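Chemist: Sequence first, predicted model second:
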Amino acid sequence: MPRIYIETYGCQMNVSDSELMLGVLGREGYVRTDDPVDADVMLVNTCAVRDHAEQRVLGRLGELKRYKRPGDVLGVVGCMAQRLGPTLLERVPQVDLVIGPDGYRGLPELIARARDGERAADVAFKSWEHYEDVPPVRSSQVSAFVTVQRGCDYRCTFCVVPMTRGPERSRKLADVVGEVTRLAEQGTTEVTLLGQTVNSYHDGQHDFAALLRAVGAVEGIQRLRFTSPYPTDFTDAVLVAMAETPAVCEHAHLPVQSGSSRTLKRMLRRYDRERYLQVVAALRQAVPGIALSTDIIVGFPGETEADFQETLSLVEAVGFDDAYTFKYSVREGTPAVRIKDHVSEETKTERIGRLIAVVRRVAKQKNIRLVGTTHEVLVEGPAKRGDLLQARTRTNKIALVEGPAEWIGTYRRVRFTGTTGSTFTAWPVESTPNVLPLRVADRGAGGEAWQPPT
(Lines give C-alpha, C1' and ligand atoms only; values in the text may rest on other atoms or scores of the structure.)
Protein backbone atom coordinates (compact mmCIF):
# COMPACT_ATOMS: atom_id res chain seq x y z
CA MET A 1 0.00 0.00 0.00
CA PRO A 2 1.32 3.50 -0.78
CA ARG A 3 2.53 5.46 2.24
CA ILE A 4 1.74 9.13 2.89
CA TYR A 5 3.73 11.54 5.05
CA ILE A 6 2.16 14.90 5.97
CA GLU A 7 4.05 17.63 7.80
CA THR A 8 1.82 20.37 9.20
CA TYR A 9 2.64 24.01 9.92
CA GLY A 10 0.41 26.79 11.22
CA CYS A 11 -2.92 26.91 13.01
CA GLN A 12 -5.48 24.39 14.20
CA MET A 13 -7.27 24.76 10.87
CA ASN A 14 -4.21 23.33 9.14
CA VAL A 15 -4.13 20.44 11.61
CA SER A 16 -7.78 19.76 10.77
CA ASP A 17 -7.04 19.98 7.04
CA SER A 18 -4.22 17.43 7.39
CA GLU A 19 -6.72 15.07 8.99
CA LEU A 20 -9.02 15.65 6.01
CA MET A 21 -6.24 14.85 3.54
CA LEU A 22 -5.53 11.61 5.37
CA GLY A 23 -9.22 10.83 5.03
CA VAL A 24 -9.23 11.56 1.29
CA LEU A 25 -6.14 9.46 0.64
CA GLY A 26 -7.14 6.72 3.07
CA ARG A 27 -10.10 5.93 0.83
CA GLU A 28 -7.58 5.29 -1.95
CA GLY A 29 -5.56 2.83 0.10
CA TYR A 30 -2.87 5.17 1.42
CA VAL A 31 -1.35 4.39 4.82
CA ARG A 32 0.09 7.11 7.04
CA THR A 33 3.75 7.09 7.99
CA ASP A 34 5.52 9.40 10.42
CA ASP A 35 8.88 9.03 8.67
CA PRO A 36 9.49 10.75 5.32
CA VAL A 37 12.14 8.13 4.52
CA ASP A 38 9.37 5.53 4.20
CA ALA A 39 6.93 7.71 2.25
CA ASP A 40 5.84 7.38 -1.36
CA VAL A 41 4.12 10.77 -1.11
CA MET A 42 5.32 13.67 1.04
CA LEU A 43 3.01 16.65 1.60
CA VAL A 44 3.89 19.85 3.45
CA ASN A 45 0.76 21.58 4.77
CA THR A 46 1.69 25.23 4.99
CA CYS A 47 0.91 28.57 6.65
CA ALA A 48 1.19 31.94 4.90
CA VAL A 49 0.43 34.34 7.77
CA ARG A 50 4.06 35.37 8.21
CA ASP A 51 7.07 35.41 5.92
CA HIS A 52 9.04 33.46 8.52
CA ALA A 53 6.61 30.54 8.21
CA GLU A 54 7.06 30.45 4.43
CA GLN A 55 10.85 30.60 4.69
CA ARG A 56 10.76 27.65 7.10
CA VAL A 57 8.74 25.66 4.56
CA LEU A 58 11.13 26.49 1.73
CA GLY A 59 14.02 25.31 3.87
CA ARG A 60 12.17 22.14 4.81
CA LEU A 61 11.40 21.36 1.16
CA GLY A 62 15.11 21.46 0.51
CA GLU A 63 15.55 18.77 3.17
CA LEU A 64 12.63 16.58 2.09
CA LYS A 65 13.71 16.48 -1.55
CA ARG A 66 16.65 14.32 -0.46
CA TYR A 67 14.23 11.52 0.40
CA LYS A 68 12.63 11.42 -3.04
CA ARG A 69 13.07 8.23 -5.01
CA PRO A 70 12.00 7.71 -8.62
CA GLY A 71 8.20 7.77 -8.67
CA ASP A 72 7.88 9.55 -5.32
CA VAL A 73 5.85 12.75 -5.05
CA LEU A 74 6.61 15.92 -3.08
CA GLY A 75 3.72 18.36 -2.74
CA VAL A 76 2.98 21.69 -1.09
CA VAL A 77 -0.58 22.16 0.17
CA GLY A 78 -2.45 24.73 2.27
CA CYS A 79 -2.25 28.49 2.54
CA MET A 80 1.25 29.07 1.18
CA ALA A 81 0.37 26.88 -1.79
CA GLN A 82 -2.77 28.95 -2.36
CA ARG A 83 -0.88 32.24 -2.11
CA LEU A 84 2.00 31.38 -4.42
CA GLY A 85 0.24 28.94 -6.72
CA PRO A 86 2.12 27.65 -9.78
CA THR A 87 5.08 29.95 -9.06
CA LEU A 88 6.08 27.44 -6.36
CA LEU A 89 6.66 24.90 -9.10
CA GLU A 90 9.13 27.32 -10.65
CA ARG A 91 10.84 28.27 -7.39
CA VAL A 92 11.31 24.70 -6.17
CA PRO A 93 11.89 22.31 -9.09
CA GLN A 94 11.60 19.24 -6.85
CA VAL A 95 7.96 20.08 -5.97
CA ASP A 96 5.52 18.04 -8.05
CA LEU A 97 2.15 19.51 -7.05
CA VAL A 98 0.68 22.60 -5.38
CA ILE A 99 -2.83 22.45 -3.87
CA GLY A 100 -4.83 25.07 -1.98
CA PRO A 101 -7.26 24.40 0.90
CA ASP A 102 -10.24 23.83 -1.42
CA GLY A 103 -8.45 21.29 -3.63
CA TYR A 104 -7.81 18.36 -1.31
CA ARG A 105 -10.54 16.24 -2.90
CA GLY A 106 -8.43 16.11 -6.06
CA LEU A 107 -5.30 14.84 -4.30
CA PRO A 108 -5.47 11.22 -5.58
CA GLU A 109 -5.78 12.33 -9.22
CA LEU A 110 -3.07 14.99 -8.97
CA ILE A 111 -0.70 12.54 -7.27
CA ALA A 112 -1.31 10.01 -10.06
CA ARG A 113 -0.58 12.68 -12.66
CA ALA A 114 2.57 13.72 -10.81
CA ARG A 115 3.78 10.13 -10.88
CA ASP A 116 3.38 10.26 -14.66
CA GLY A 117 5.63 13.31 -14.75
CA GLU A 118 3.00 16.06 -14.86
CA ARG A 119 3.57 18.86 -12.37
CA ALA A 120 0.26 20.51 -11.54
CA ALA A 121 -1.40 23.13 -9.33
CA ASP A 122 -4.99 23.48 -8.09
CA VAL A 123 -5.64 26.74 -6.26
CA ALA A 124 -9.24 27.43 -7.31
CA PHE A 125 -11.66 28.58 -4.62
CA LYS A 126 -14.72 26.34 -4.30
CA SER A 127 -17.46 28.05 -2.30
CA TRP A 128 -19.37 24.80 -1.93
CA GLU A 129 -16.51 22.72 -0.53
CA HIS A 130 -16.87 21.57 3.07
CA TYR A 131 -15.68 17.97 2.57
CA GLU A 132 -18.88 16.68 4.18
CA ASP A 133 -18.43 13.17 2.78
CA VAL A 134 -14.80 12.84 3.90
CA PRO A 135 -14.28 11.30 7.37
CA PRO A 136 -11.09 12.86 8.80
CA VAL A 137 -8.40 10.53 10.09
CA ARG A 138 -7.65 11.95 13.52
CA SER A 139 -4.55 11.15 15.51
CA SER A 140 -6.32 11.45 18.86
CA GLN A 141 -9.62 10.10 20.13
CA VAL A 142 -9.44 12.20 23.28
CA SER A 143 -10.13 15.60 21.72
CA ALA A 144 -11.09 16.61 18.18
CA PHE A 145 -11.08 19.69 15.95
CA VAL A 146 -14.30 20.22 14.00
CA THR A 147 -14.23 22.82 11.23
CA VAL A 148 -17.51 24.73 11.11
CA GLN A 149 -16.52 27.67 8.90
CA ARG A 150 -14.04 28.32 6.09
CA GLY A 151 -12.71 31.59 4.71
CA CYS A 152 -13.00 35.14 5.98
CA ASP A 153 -14.90 38.25 4.87
CA TYR A 154 -13.04 40.65 7.17
CA ARG A 155 -10.32 42.66 5.47
CA CYS A 156 -7.76 43.43 8.14
CA THR A 157 -4.97 45.26 6.37
CA PHE A 158 -2.22 42.95 7.68
CA CYS A 159 -3.93 39.64 6.96
CA VAL A 160 -3.44 37.30 4.01
CA VAL A 161 -6.17 34.83 5.07
CA PRO A 162 -8.92 36.17 2.73
CA MET A 163 -6.48 35.56 -0.13
CA THR A 164 -5.58 32.04 0.98
CA ARG A 165 -8.89 30.78 2.38
CA GLY A 166 -11.40 32.67 0.27
CA PRO A 167 -14.79 34.12 1.27
CA GLU A 168 -16.46 33.07 4.50
CA ARG A 169 -18.91 30.19 4.37
CA SER A 170 -20.41 28.07 7.13
CA ARG A 171 -21.38 24.42 7.30
CA LYS A 172 -24.96 23.47 8.01
CA LEU A 173 -25.65 23.11 11.72
CA ALA A 174 -27.09 19.61 11.23
CA ASP A 175 -23.89 18.47 9.50
CA VAL A 176 -21.73 19.79 12.35
CA VAL A 177 -23.93 18.14 14.96
CA GLY A 178 -23.82 14.89 12.99
CA GLU A 179 -20.02 14.90 12.95
CA VAL A 180 -19.82 15.68 16.67
CA THR A 181 -22.36 12.94 17.44
CA ARG A 182 -20.23 10.39 15.58
CA LEU A 183 -17.17 11.54 17.50
CA ALA A 184 -18.99 11.17 20.80
CA GLU A 185 -20.13 7.67 19.85
CA GLN A 186 -16.46 6.79 19.28
CA GLY A 187 -15.51 8.03 22.75
CA THR A 188 -14.41 11.62 22.14
CA THR A 189 -15.59 13.90 24.94
CA GLU A 190 -14.00 17.24 23.96
CA VAL A 191 -14.38 19.11 20.66
CA THR A 192 -13.04 22.44 19.43
CA LEU A 193 -15.07 24.26 16.79
CA LEU A 194 -12.84 25.92 14.20
CA GLY A 195 -13.35 28.96 11.99
CA GLN A 196 -11.39 32.01 10.88
CA THR A 197 -13.91 34.19 12.74
CA VAL A 198 -15.78 31.33 14.30
CA ASN A 199 -18.39 33.35 16.22
CA SER A 200 -19.58 34.98 13.00
CA TYR A 201 -20.84 31.52 12.00
CA HIS A 202 -24.21 31.53 10.25
CA ASP A 203 -25.53 28.78 8.00
CA GLY A 204 -28.46 30.84 6.72
CA GLN A 205 -30.77 29.74 9.51
CA HIS A 206 -28.64 29.29 12.62
CA ASP A 207 -26.10 31.58 14.25
CA PHE A 208 -23.17 30.74 16.50
CA ALA A 209 -25.30 30.84 19.64
CA ALA A 210 -27.53 28.12 18.18
CA LEU A 211 -24.48 26.11 17.17
CA LEU A 212 -23.03 26.24 20.70
CA ARG A 213 -26.30 25.06 22.20
CA ALA A 214 -26.74 22.26 19.64
CA VAL A 215 -23.20 20.89 19.92
CA GLY A 216 -23.20 21.31 23.70
CA ALA A 217 -26.34 19.17 23.86
CA VAL A 218 -24.74 16.17 22.11
CA GLU A 219 -24.70 13.26 24.53
CA GLY A 220 -21.18 12.44 25.66
CA ILE A 221 -19.63 15.83 24.92
CA GLN A 222 -18.30 17.16 28.22
CA ARG A 223 -16.13 19.98 26.94
CA LEU A 224 -16.75 22.42 24.11
CA ARG A 225 -14.15 24.92 22.90
CA PHE A 226 -13.95 27.22 19.88
CA THR A 227 -11.34 29.28 18.06
CA SER A 228 -10.71 31.89 16.83
CA PRO A 229 -13.52 34.32 17.59
CA TYR A 230 -13.67 37.96 16.50
CA PRO A 231 -14.07 40.30 19.49
CA THR A 232 -17.12 42.23 18.31
CA ASP A 233 -18.97 39.10 17.15
CA PHE A 234 -19.69 38.15 20.75
CA THR A 235 -23.34 39.10 20.54
CA ASP A 236 -25.63 39.03 23.58
CA ALA A 237 -27.11 35.79 22.21
CA VAL A 238 -23.67 34.18 22.05
CA LEU A 239 -22.82 35.30 25.59
CA VAL A 240 -26.10 33.88 26.91
CA ALA A 241 -25.44 30.59 25.08
CA MET A 242 -21.95 30.39 26.60
CA ALA A 243 -23.40 31.01 30.08
CA GLU A 244 -26.21 28.48 29.68
CA THR A 245 -24.33 25.65 27.93
CA PRO A 246 -22.53 23.58 30.59
CA ALA A 247 -20.06 22.03 28.14
CA VAL A 248 -18.63 25.40 27.02
CA CYS A 249 -15.22 25.74 28.64
CA GLU A 250 -14.10 28.75 30.64
CA HIS A 251 -11.54 29.89 28.08
CA ALA A 252 -11.66 32.20 25.08
CA HIS A 253 -8.91 33.10 22.66
CA LEU A 254 -9.63 36.76 21.93
CA PRO A 255 -7.21 38.26 19.36
CA VAL A 256 -6.56 41.96 20.04
CA GLN A 257 -3.54 42.56 17.74
CA SER A 258 -2.77 45.94 19.36
CA GLY A 259 -3.72 47.93 22.43
CA SER A 260 -3.64 51.22 20.52
CA SER A 261 -6.88 52.52 18.99
CA ARG A 262 -4.80 54.42 16.44
CA THR A 263 -3.06 51.24 15.31
CA LEU A 264 -6.28 49.22 15.35
CA LYS A 265 -7.82 51.75 12.98
CA ARG A 266 -4.90 51.35 10.58
CA MET A 267 -5.31 47.60 10.82
CA LEU A 268 -9.02 47.98 9.92
CA ARG A 269 -10.03 46.07 13.02
CA ARG A 270 -13.71 46.63 13.83
CA TYR A 271 -13.17 47.85 17.38
CA ASP A 272 -11.00 50.25 19.32
CA ARG A 273 -9.28 49.76 22.68
CA GLU A 274 -12.35 50.75 24.68
CA ARG A 275 -14.68 48.44 22.76
CA TYR A 276 -12.28 45.51 23.20
CA LEU A 277 -12.20 46.08 26.95
CA GLN A 278 -16.01 46.14 26.96
CA VAL A 279 -16.01 42.70 25.29
CA VAL A 280 -13.58 41.42 27.92
CA ALA A 281 -15.85 42.71 30.69
CA ALA A 282 -18.92 41.12 29.05
CA LEU A 283 -17.18 37.75 28.76
CA ARG A 284 -16.13 37.85 32.39
CA GLN A 285 -19.62 38.77 33.50
CA ALA A 286 -21.17 35.97 31.43
CA VAL A 287 -18.60 33.31 32.32
CA PRO A 288 -17.08 33.90 35.78
CA GLY A 289 -13.49 32.70 36.00
CA ILE A 290 -12.97 32.66 32.23
CA ALA A 291 -9.34 32.57 31.10
CA LEU A 292 -8.36 34.78 28.17
CA SER A 293 -5.56 34.40 25.66
CA THR A 294 -4.82 36.64 22.69
CA ASP A 295 -2.75 37.42 19.59
CA ILE A 296 -0.61 40.56 19.44
CA ILE A 297 1.32 42.04 16.50
CA VAL A 298 4.33 44.23 17.22
CA GLY A 299 5.72 46.80 14.80
CA PHE A 300 2.73 47.33 12.51
CA PRO A 301 3.55 50.17 10.07
CA GLY A 302 3.32 53.51 11.85
CA GLU A 303 3.39 52.04 15.36
CA THR A 304 5.03 54.57 17.67
CA GLU A 305 6.53 53.96 21.09
CA ALA A 306 3.36 55.51 22.55
CA ASP A 307 1.23 53.02 20.59
CA PHE A 308 3.38 50.16 21.84
CA GLN A 309 3.07 51.37 25.43
CA GLU A 310 -0.71 51.15 25.03
CA THR A 311 -0.31 47.51 24.04
CA LEU A 312 1.76 46.84 27.15
CA SER A 313 -0.80 48.58 29.35
CA LEU A 314 -3.64 46.57 27.76
CA VAL A 315 -1.87 43.32 28.62
CA GLU A 316 -1.69 44.52 32.22
CA ALA A 317 -5.29 45.76 32.26
CA VAL A 318 -6.80 42.56 30.86
CA GLY A 319 -4.48 40.17 32.66
CA PHE A 320 -4.18 37.67 29.83
CA ASP A 321 -3.49 34.08 30.77
CA ASP A 322 -1.42 33.68 27.60
CA ALA A 323 -0.55 35.56 24.42
CA TYR A 324 0.86 34.65 21.03
CA THR A 325 3.15 37.47 19.97
CA PHE A 326 4.40 38.22 16.46
CA LYS A 327 6.56 40.75 14.72
CA TYR A 328 4.68 42.33 11.81
CA SER A 329 5.56 40.67 8.53
CA VAL A 330 4.88 42.24 5.13
CA ARG A 331 2.50 40.09 3.10
CA GLU A 332 2.31 40.84 -0.61
CA GLY A 333 -1.23 41.58 -1.73
CA THR A 334 -2.43 42.89 1.63
CA PRO A 335 -3.43 46.57 2.00
CA ALA A 336 -0.76 47.12 4.67
CA VAL A 337 1.92 46.91 1.97
CA ARG A 338 0.85 50.40 0.88
CA ILE A 339 1.10 51.88 4.38
CA LYS A 340 4.26 53.90 4.79
CA ASP A 341 6.41 54.48 7.87
CA HIS A 342 7.48 50.90 8.44
CA VAL A 343 9.04 50.05 11.78
CA SER A 344 12.66 48.87 11.65
CA GLU A 345 13.45 45.22 12.31
CA GLU A 346 15.68 46.25 15.19
CA THR A 347 12.83 48.16 16.85
CA LYS A 348 10.38 45.29 16.32
CA THR A 349 12.81 42.84 17.90
CA GLU A 350 13.36 45.10 20.90
CA ARG A 351 9.64 45.69 21.39
CA ILE A 352 8.62 42.07 21.14
CA GLY A 353 11.21 41.23 23.79
CA ARG A 354 9.61 43.73 26.16
CA LEU A 355 6.13 42.49 25.31
CA ILE A 356 6.99 38.84 25.95
CA ALA A 357 8.47 39.79 29.32
CA VAL A 358 5.24 41.54 30.36
CA VAL A 359 3.03 38.71 29.06
CA ARG A 360 5.05 36.12 30.98
CA ARG A 361 5.08 38.17 34.17
CA VAL A 362 1.31 38.72 34.11
CA ALA A 363 0.62 35.05 33.35
CA LYS A 364 3.05 33.84 35.99
CA GLN A 365 1.46 36.02 38.67
CA LYS A 366 -1.95 34.54 37.85
CA ASN A 367 -0.64 30.99 37.77
CA ILE A 368 1.24 31.25 41.07
CA ARG A 369 -2.06 32.09 42.77
CA LEU A 370 -3.47 28.79 41.48
CA VAL A 371 -0.81 26.62 43.15
CA GLY A 372 -2.54 24.58 45.84
CA THR A 373 -5.96 24.64 44.19
CA THR A 374 -7.73 21.61 42.78
CA HIS A 375 -9.11 21.22 39.27
CA GLU A 376 -10.76 18.82 36.90
CA VAL A 377 -8.40 17.86 34.06
CA LEU A 378 -8.73 15.84 30.89
CA VAL A 379 -5.68 13.61 30.47
CA GLU A 380 -4.60 14.08 26.86
CA GLY A 381 -1.57 11.81 26.51
CA PRO A 382 2.09 11.36 27.40
CA ALA A 383 4.00 14.54 28.16
CA LYS A 384 6.70 15.53 25.68
CA ARG A 385 9.41 14.91 28.26
CA GLY A 386 9.77 12.42 31.06
CA ASP A 387 7.31 9.77 32.17
CA LEU A 388 4.47 12.11 33.10
CA LEU A 389 1.06 12.59 31.51
CA GLN A 390 -0.16 15.87 30.03
CA ALA A 391 -3.58 17.05 31.17
CA ARG A 392 -5.64 20.19 30.59
CA THR A 393 -8.14 22.13 32.68
CA ARG A 394 -11.34 23.66 31.38
CA THR A 395 -9.53 27.02 31.50
CA ASN A 396 -6.84 25.64 29.15
CA LYS A 397 -4.11 25.30 31.77
CA ILE A 398 -1.59 22.54 31.09
CA ALA A 399 -0.73 20.26 33.99
CA LEU A 400 1.82 17.45 34.15
CA VAL A 401 0.73 14.60 36.39
CA GLU A 402 2.08 11.18 37.29
CA GLY A 403 -0.25 8.33 36.47
CA PRO A 404 -0.79 5.19 34.35
CA ALA A 405 -1.38 5.25 30.60
CA GLU A 406 -4.92 3.99 31.27
CA TRP A 407 -5.79 7.50 32.45
CA ILE A 408 -5.43 8.92 28.93
CA GLY A 409 -8.84 10.11 27.78
CA THR A 410 -10.28 10.22 31.29
CA TYR A 411 -11.11 13.07 33.65
CA ARG A 412 -9.24 13.39 36.92
CA ARG A 413 -9.13 15.68 39.92
CA VAL A 414 -5.65 17.06 40.55
CA ARG A 415 -4.08 19.60 42.85
CA PHE A 416 -1.58 22.04 41.36
CA THR A 417 1.69 21.59 43.25
CA GLY A 418 3.89 24.04 41.36
CA THR A 419 4.27 26.11 38.21
CA THR A 420 7.01 27.10 35.80
CA GLY A 421 4.98 30.20 35.08
CA SER A 422 3.25 28.68 32.08
CA THR A 423 2.58 25.02 32.95
CA PHE A 424 1.80 23.26 36.22
CA THR A 425 2.94 20.20 38.06
CA ALA A 426 0.01 18.40 39.64
CA TRP A 427 -0.88 15.53 41.93
CA PRO A 428 -4.03 13.39 41.69
CA VAL A 429 -6.35 13.74 44.65
CA GLU A 430 -9.13 11.60 46.07
CA SER A 431 -10.75 14.21 48.27
CA THR A 432 -11.39 17.68 46.96
CA PRO A 433 -10.52 20.41 49.50
CA ASN A 434 -10.16 23.93 48.11
CA VAL A 435 -11.82 22.93 44.83
CA LEU A 436 -12.51 25.70 42.36
CA PRO A 437 -16.23 25.51 41.48
CA LEU A 438 -17.09 23.63 38.33
CA ARG A 439 -19.42 25.50 36.00
CA VAL A 440 -20.92 22.21 34.84
CA ALA A 441 -22.18 21.54 38.35
CA ASP A 442 -23.18 25.15 38.96
CA ARG A 443 -25.13 25.53 35.74
CA GLY A 444 -26.65 22.09 35.88
CA ALA A 445 -28.48 23.02 39.05
CA GLY A 446 -30.99 25.18 37.22
CA GLY A 447 -29.66 28.44 38.61
CA GLU A 448 -30.39 31.82 37.09
CA ALA A 449 -28.66 32.21 33.72
CA TRP A 450 -26.63 35.24 32.81
CA GLN A 451 -28.55 37.94 30.96
CA PRO A 452 -27.14 40.83 28.95
CA PRO A 453 -27.30 44.21 30.70
CA THR A 454 -30.28 46.34 29.74
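Modeler: Yep, it's here. Predicted model, so just to flag it, every value in this text is computed and none were measured. Residues are numbered from 1 along each chain as shown.
Chemist: For the chain, which segments are assigned as helices?
Modeler: Using DSSP state H, the helices found in the chain span residues 12-26, 51-64, 79-84, 87-91, 107-115, 161-165, 173-185, 208-216, 236-244, 261-267, 273-286, 305-318, 345-368, 439-443.
Chemist: of all those, which gets the most neighbours per residue?
Modeler: Highest mean neighbour count of the helices of the chain: helix 79-84, a mean of 26 (counted as mean count of other Cβ atoms under 10 Å). Quick note: C-beta positions are derived from backbone N, CA and C, even for glycine.
Chemist: if I look at the closest residue to Gly299 other than its chain neighbours, how far off is Pro301?
Modeler: Nearest residue to Gly299 in three dimensions, chain neighbours excluded: Lys348, at 3.4 Å (Cβ to Cβ, 6 or more residues apart in numbering). Distance of Lys348 to Pro301, given as Cβ to Cβ, to the nearest Å: 11 Å.
Chemist: Spell out which residues are contacts of both of the two.
Modeler: Residues touching both Lys348 and Pro301 comprise Tyr328, with contact defined as Cβ atoms under 8 Å, 6 or more residues apart in numbering.
Chemist: just to revisit the earlier point, can you flag the weakest of the helices of the chain by average pLDDT?
Modeler: Among the helices of the chain, helix 439-443 has the lowest mean pLDDT, at a mean of 42.
Chemist: which residues of the stretch 301-450 of the chain score low on pLDDT?
Modeler: For the stretch 301-450 of the chain, residues meeting the criterion pLDDT under 70 lie at 430-450.
Chemist: Report the beta-bridge partners for the residue nearest to Leu110 when sequence neighbours are not counted.
Modeler: Once flanking residues are discounted, Leu110 sits nearest to Leu97: 4.9 Å by Cβ to Cβ, 6+ apart. Here Leu97 shows beta-bridge partners Gly75, Ala120, assigned using DSSP bridges.
Chemist: ok, Leu97 - contacts?
Modeler: Val73, Gly75, Val76, Leu110, Ile111, Arg113, Ala114, Arg119, Ala120, Ala121, Asp122.
Chemist: looking at it, the residue nearest to Gly299 is touching Phe300, isn't it?
Modeler: No. The pair Lys348 / Phe300 is not scored as a contact, 9.4 Å apart, by Cβ atoms under 8 Å.
Chemist: where do the contact lists of these two overlap?
Modeler: Contacts common to Lys348 and Phe300, judged by Cβ under 8 Å, 6+ apart, are Tyr328.
Chemist: Format the contacts of Leu97 as TSV; extra columns: distance to Lys397.
Modeler: Output for these, formatted as TSV (distance: Cβ to Cβ, whole Å):
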residue	distance to Lys397
Val73	42
Gly75	38
Val76	36
Leu110	42
Ile111	42
Arg113	48
Ala114	45
Arg119	47
Ala120	46
Ala121	43
Asp122	41
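Chemist: Quick check: the farthest pair among the residues you listed?
Modeler: Val76 and Arg113 (15.5 Å; Cβ to Cβ).
Chemist: hmm, back to that, columns distance to Phe326 on top of the helices of the chain, output as a markdown table?
Modeler: Below are the helices of the chain laid out as a markdown table (distance: least, Cβ to Cβ, whole Å):
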| stretch | distance to Phe326 |
| --- | --- |
| helix 12-26 | 16 |
| helix 51-64 | 9 |
| helix 79-84 | 15 |
| helix 87-91 | 23 |
| helix 107-115 | 31 |
| helix 161-165 | 14 |
| helix 173-185 | 30 |
| helix 208-216 | 26 |
| helix 236-244 | 27 |
| helix 261-267 | 13 |
| helix 273-286 | 18 |
| helix 305-318 | 12 |
| helix 345-368 | 8 |
| helix 439-443 | 32 |
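Chemist: Out of those helices, which is closest to Leu194?
Modeler: Comparing the helices of the chain by their distance to Leu194 (Cβ to Cβ), the top pick is helix 12-26, with 5.5 Å.
Chemist: Not counting that closest one itself, show me its contacts.
Modeler: 4, 6, 8, 30, 32, 41, 43, 45-47, 77-79, 101, 104-105, 107-108, 131, 134-139, 145-147, 192, 194, 196, 227.
Chemist: just to revisit the earlier point, and the residue nearest to Leu110, how far from Glu350?
Modeler: With the distance defined as Cβ to Cβ, Leu97 ends up 42 Å from Glu350.
Chemist: Tell me, domain by domain, which residues of the chain belong where.
Modeler: Annotated domains of the chain cover 3-122, 138-249, 374-436 [automatic domain parsing].
Chemist: how far does the first one stretch from start to finish?
Modeler: I take that to be domain 3-122. The first and last residues of domain 3-122 sit 22 Å apart, counting by Cα to Cα, to the nearest Å.
Chemist: to the chain's geometric centre, what's the distance from that domain?
Modeler: Mean-position distance between domain 3-122 and its chain equals 20 Å (Cα atoms, centre = their mean, to the nearest Å).
Chemist: List the contacts of the residue nearest to Thr46 when sequence neighbours are not counted.
Modeler: Spatial nearest neighbour of Thr46, chain neighbours left out: Met80 (3.5 Å); criterion: Cβ to Cβ, 6+ apart. For Met80, the contact set (Cβ under 8 Å, 6+ apart) comprises Thr46, Cys47, Ala48, Ala53, Glu54, Val57, Leu88, Thr164.
Chemist: Distance of Met80 relative to Val123?
Modeler: Distance, Met80 to Val123, using Cβ to Cβ: 11 Å.
Chemist: got it, and Val379?
Modeler: 41 Å.
Chemist: Name the residue in those two with the higher neighbour count.
Modeler: Between Val379 and Val123, Val379 has the larger neighbour count (other Cβ atoms under 10 Å), namely 24 against 18.
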